[in-house]
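Q: Mind folding the following:
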Amino acid sequence: MTTDITLDGTTLTCEQVGAVARGEARVAVGSTAAAQAAWRASSQLHGPVYGRTTGVGANKDVAVHEQGLDLVRSHAGGAGPLVEEERARAMLVIRLNQILRGGSGVNPGVLPVLAYAINEGFTPPVRLYGAIGTGDLTALSTAALCLTGEVPWRRASWSPEQGPSFALSGSDALPFMSANAMTLGDAALACAGLRPLLDASIGVAAQSWRAVDASDEPLEQPVQDARRHPGQARVATRLRRLLVPGPSPRLQDPYGYRALPQVHGAAFDALDTAEQVVTTDMNSAAENPLIAGGRAWHNGNFHTAPVALALDALRAALVQTASLSTARLATMMEPAYTGLIPFLADRPGASGALILEYVAYDALATLRNLAAPVTLGGAVLSRSVEDHAGFGTQAARACLATREPYEIVLACELVAAVRAQRQRGRSCDVPLDPRMQDRPLDADIEAARTVLPAFA
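A: Sure thing, here's the model as predicted:
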C-alpha cells in the first residue's frame, strides 16, 4: 500500500525521498503560493537578470533577447550510462519540492505535471556524468526536454515513452535547471539507506560480543557520562540492552569491542549531520538568481560545499566502523578469544571460515577507496568565471556506492559470530546454514545480507 506525501517546500525528509523513489509513496502538491509569488515577480523584473536576459557562465555580460529553450538543449549533454530510475525519480521529487519553496521564478504550472510524472513512473533518461557540485545542469536539462516533448521519458526501465508534457518557456530554462536536485537525491537516498545498516551494525556487533565473551565494562554508564558525545552514548545504551551482563575472561578486550561506542557513535553523529545538511538543502530556495522581495538576487547558494563536506565525513566514518568489524572478525578466527579450533573450523587443519576475512577486507578496501575526500579537488571552467567546485555530486555518488561493501563487511562478521556461538553450544536463532564442514560460504554471506534488516 502506498501513502501520499504532501510536498510544501519546507518539510521533505530523506526517508520520504527514498519512499517515493522506490515507489512506496506518492506525492501530492501542497500550497503553491510561494512558487506563484516568485513567478509573478520574475515577470516584472527590469534590468539584466542572469540566464534570463543574459547568457550564462562567461557569457553573463552578453545581452540575450530571445534565448528560448536553447539553454536547456545545449546543457543536456551528459555522458555515460543512464542512472537508475530510482535516482532520477528522487531528483524530480526534490526539484518539485524546491520550486514549491519559492524563489526560482519557474512557471508553477509545471508542478502538477512533475507530480504526475513521479506518481506514474515516468523518469528522464539522465546520464551519469555531467555535474561538479555547482548545479545538476545536464540532468535537469534532460528533464526539461522531457517536459517539452523533445526527449522521451523512460518508463518500466527499458521502454522510452511519451509522457506528461508542459510548455516551458525560455524564461523558465535556467530557473528550472539551475539546481542540485540530482546530487541531493543521491545524498538523500544514501542517508536513508545507510541509517538501517549502521543500526544493524550494532546488532551484529552484539553477536560477536557473545561469541568471544567480551567485557561489557566499556559500555557502562559512568564511562559514557565521562565523555558526552551523543552517538557514543546511543551506541553504548543499545548494546547494553542487547547483551546479558556477565564476567569476561579478559581485563581489556581489543579495540573492536572496547572502542566500539566511540567509533560507531562518531559514525552516527556524522550521519545525523549529513542528513541535517541534505534536508536543509532539499527544503531551501538555493536558486541563482533568487527571486525574492520583488527583485533578482545573484548569489552562490547553488554551491554544494556543506553537502560535500558532510558526506566526506560520513564516508570516512563508515570506513572506521567497517575496520572495527574486520577486527572483530579476526578475533573470532583466533582460539585465544573463542576457545575453538582456529578459523572456526570443524577439525584441526581445516580452513573453516578463513575466507570470510579475505572477503571482508576486499569490501573494506573498496570502502577506503570510496572515502577519498572530494573536497580536496578544484575546477576552473567557463573561461575562468566559474573558478571553484564543490563536487558534492561525486560525494553523493560515492555515499550511494558504500552501501554494498559495507553490507558485505557486516555480513561476514555475522556469519562468523553465529558460527562461533553455535560451536560454543549457545543458542542462536539467526537463520543461517548450521553446517560447519569446509564448503563454499558465498551463500552464507548472501543469506546474512538478507537478514541484516532484522538487526536494525
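Q: Now do the contacts for Ala236.
A: Applying C-beta atoms under 8 Å, 6 or more residues apart in numbering, we find Ala236 in contact with 218-220, 223-224, 261, 265. C-beta: built from backbone N, CA, C; applies to glycine.
Q: Quick check: what element follows the helix or strand it falls within along the chain?
A: Using DSSP states H and E, Ala236 sits in helix 230-242. Downstream of helix 230-242, the next assigned helix or strand under DSSP H and E is helix 255-258.
Q: Can you show me the helices along the stretch 101-250 of the chain?
A: 110-119, 137-148, 170-177, 181-212, 221-225, 230-242 (DSSP state H, counting those that start in this stretch).
Q: Kindly reformat the ones you listed as CSV and extend each row with mean pLDDT.
A: Below are the helices of the stretch 101-250 of the chain laid out as CSV (pLDDT from 0 to 100):
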stretch, mean pLDDT
helix 110-119, 97
helix 137-148, 96
helix 170-177, 90
helix 181-212, 97
helix 221-225, 95
helix 230-242, 96
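Q: right, so of the ones you listed, which gets closest to Ala448?
A: Among the helices of the stretch 101-250 of the chain, helix 181-212 comes nearest to Ala448, with 8.7 Å by C-beta to C-beta.
Q: Pull out the buried residues from the closest one.
A: Within helix 181-212, the residues scored as buried using 16 or more other C-beta atoms under 10 Å are 181-195, 197-198, 200-212.
Q: how about Thr13, what does it touch?
A: Contacts of Thr13 by C-beta under 8 Å, 6+ apart are Thr279.
Q: Quick check: most distant residue from the centroid of this protein.
A: Centroid-distance maximum for the chain: Pro348 at 44.2 Å, with C-alpha atoms, centre = their mean.
Q: you'd agree that residue is in a helix?
A: No. Assessed with DSSP: H, G, I helix; E, B strand; the rest coil, Pro348 is coil; it does not lie in a helix.
Q: Quick check, it in contact with Leu340.
A: No. Contact status for Pro348 versus Leu340: not in contact, 10.9 Å apart, counting by C-beta atoms under 8 Å.
Q: related to what we said a few turns ago, now the helix holding Ala236 and helix 181-212, what's the angle there?
A: Angle, helix 230-242 to helix 181-212, by axes from the mean of the first three to the mean of the last three C-alpha atoms, to 10 degrees: 40 degrees.
Q: What residues sit buried inside helix 230-242?
A: Residues of helix 230-242 classed as buried: 231-236, 238-240, 242 (neighbour count, 16+ other C-beta under 10 Å).
Q: how near is Glu86 to Gly23?
A: Separation of Glu86 from Gly23 (C-beta to C-beta, to the nearest Å): 8 Å.
Q: Which neighbours do those two have in common?
A: Shared contacts of Glu86 and Gly23 (C-beta under 8 Å, 6+ apart): none.
Q: could the helices of the stretch 101-250 of the chain go into JSON lines alongside distance to Leu290?
A: Formatted as JSON lines, these follow (distance: least, C-beta to C-beta, whole Å):
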{"stretch": "helix 110-119", "distance to Leu290": "18"}
{"stretch": "helix 137-148", "distance to Leu290": "17"}
{"stretch": "helix 170-177", "distance to Leu290": "10"}
{"stretch": "helix 181-212", "distance to Leu290": "16"}
{"stretch": "helix 221-225", "distance to Leu290": "44"}
{"stretch": "helix 230-242", "distance to Leu290": "34"}
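Q: For Ser43, which of these is the nearest?
A: Per C-beta to C-beta, nearest to Ser43 of these: helix 170-177, 7.8 Å.
Q: Not counting its neighbours along the chain, what's nearest the most centrally placed residue in the chain?
A: The centroid of the chain falls nearest to Ala190 when counting by C-alpha atoms, centre = their mean (1.4 Å). The shortest distance from Ala190 to any non-neighbouring residue, by C-beta to C-beta, 6 or more residues apart in numbering, is to Cys399 (3.6 Å).
Q: give me the number of residues near the one you found?
A: 27 (other C-beta atoms under 10 Å).
Q: my guess is it contacts Arg195, does it?
A: No. Applying C-beta under 8 Å as the test, Cys399 and Arg195 come out as separate, 11.9 Å apart.
Q: Now for Leu197: which residues touch it?
A: 403, 406-407, 410, 452, 456.
Q: same thing but 6 Å
A: Residues in contact with Leu197 (C-beta atoms under 6 Å, 6 or more residues apart in numbering) are Tyr406.
Q: and what of Leu82?
A: Counting by C-beta under 6 Å, 6+ apart, Leu82 makes contact with Pro125.
Q: Let's see that with 7 Å instead.
A: The contact partners of Leu82, by C-beta atoms under 7 Å, 6 or more residues apart in numbering, come to 125-127.
Q: quick one on the thing from earlier: surely the residue nearest to Ala190 forms part of a helix?
A: Yes. Using three-state DSSP, the assignment for Cys399 is a helix.
Q: Would you mind measuring from it to Arg238?
A: Applying C-beta to C-beta, the value for Cys399 to Arg238 is 23 Å.
Q: again, but for Tyr129
A: 40 Å.
Q: before we move on, the earlier item: tell me the buried residues within the contacts of Ala236.
A: By 16+ other C-beta under 10 Å, these give 218-219, 224, 261, 265 as buried.
Q: now, among these, which is nearest to Gly55?
A: Of the buried ones among the contacts of Ala236, the one sitting nearest to Gly55 (C-beta to C-beta) turns out to be Gly265, at 49.9 Å.
Q: While we're on the closest one, how confident is the model there?
A: pLDDT, the model's per-residue confidence, is 97 for Gly265.
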